[in-house]
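Trainee: just coords:
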């Protein structure tokens, strides 16, 4: 079991850091891809033609002194896409602070431990951060076309191949992940005074914190609440 866990940890680390790809090289690659996208406004990286990759590869090797080929660059773009999809929810939920100097999410150690229990794939983030997150957003959310039926790069292949627009589907929600359900649980908990109760009802307005609270079991819920709401 420990061996398998070690292998999984290494796999997770590979998404965040690779020996041949220090942050400086990733930054150069991202800037060159964005430049290519800006020069061909309707192109996105997943739709680059070979001549586009030729230009990116030539400039990349010129700026870095490396001798990578197009396959090397394409493979690493795939790695960066995985990293983007892992880190995006962390930046989106808005429940954490922000360290402007280091350009990383700023969060209390106790809260971070609770977070990675729910999202273990985020564990390497504190070691590596994601200094090119802005560039990743530009590359992996840039529309493939302009107009009301434009689709994003992260759209499904079926959506990208559609010849005409489809009706918008309303995403399914988890009925258990509601503020009411969370409040019902703390109503039955021991050790929740009025101040903590009132503060928790405010906390449960955030769907991320509801999900985290509901993922915990037994007395861990009370410990987590008191950690999140130390002044309550």
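Mentor: Received, thanks. Since the model is a prediction, treat every value here as computed from it, not as a measurement.

Trainee: any regions of this structure where pLDDT drops low?
Mentor: Within the chain, the segments meeting pLDDT under 70 span 1-12, 41-43, 93-95, 100-101, 142-175, 232.

Trainee: tell me which stretches of it form helices.
Mentor: Taking DSSP state H as the test, the helices found in the chain are 2-16, 23-39, 50-64, 70-92, 109-118, 125-128, 133-140, 157-161, 179-187, 194-203, 207-215, 220-228.

Trainee: can you give me the buried ones in the longest one?
Mentor: Buried residues in helix 70-92, counting neighbours by 16 or more other Cβ atoms under 10 Å, are found at 70, 72-73, 76-77, 79-81, 83-84, 86-88, 90. The C-beta positions use only the backbone N, C-alpha and C, and glycine is treated the same way.

Trainee: just stretch 179-199 next, same as before
Mentor: Under 16+ other Cβ under 10 Å, the buried positions of stretch 179-199 are 179, 182, 186, 192, 196, 199.

Trainee: show me the contacts for the residue nearest to the third one when sequence neighbours are not counted.
Mentor: The shortest distance from residue 186 to any non-neighbouring residue, by Cβ to Cβ, 6 or more residues apart in numbering, is to residue 192 (5.2 Å). Contacts for residue 192 were tallied using Cβ atoms under 8 Å, 6 or more residues apart in numbering; they are 186, 200, 222, 225.

Trainee: check whether the second one really touches residue 226, as I assumed.
Mentor: No. Here residue 200 lies out of contact with residue 226, judged by Cβ atoms under 8 Å, at a distance of 10.0 Å.

Trainee: those two: which has the busier surroundings?
Mentor: Neighbour count, other Cβ atoms under 10 Å: between residue 200 and residue 226, residue 200 has more, with 23 against 14.

Trainee: show me what contacts that one?
Mentor: Residue 200 makes contacts with 182, 183, 186, 192, 225, 229, 232, as judged by Cβ under 8 Å, 6+ apart.

Trainee: got a list of what residue 83 touches?
Mentor: 15, 16, 130, 136 are the contacts of residue 83 under Cβ under 8 Å, 6+ apart.

Trainee: follow-up on the earlier one: of the contacts of residue 200, which is the nearest to residue 40?
Mentor: Closest to residue 40 out of these is residue 182 (48.2 Å), distances taken as Cβ to Cβ.

Trainee: so what's that closest one closest to, chain neighbours aside?
Mentor: Excluding its sequence neighbours, the residue lying closest to residue 182 (Cβ to Cβ, 6+ apart) is residue 204, at 4.5 Å.

Trainee: residue 127 now?
Mentor: Spatially, and ignoring its direct neighbours in sequence, residue 127 is nearest to residue 16 (7.4 Å; Cβ to Cβ, 6+ apart).

Trainee: surely that neighbour and residue 124 touch.
Mentor: Yes. Residue 16 lies in contact with residue 124 (Cβ under 8 Å); the separation is 4.4 Å.

Trainee: so what's the residue lying closest to residue 185 once chain neighbours are set aside up against?
Mentor: In this structure, residue 185 finds its nearest non-sequential neighbour in residue 221, 7.1 Å apart by Cβ to Cβ, 6+ apart. Residue 221 is in contact with 185, 186, 189, 213, counting by Cβ under 8 Å, 6+ apart.
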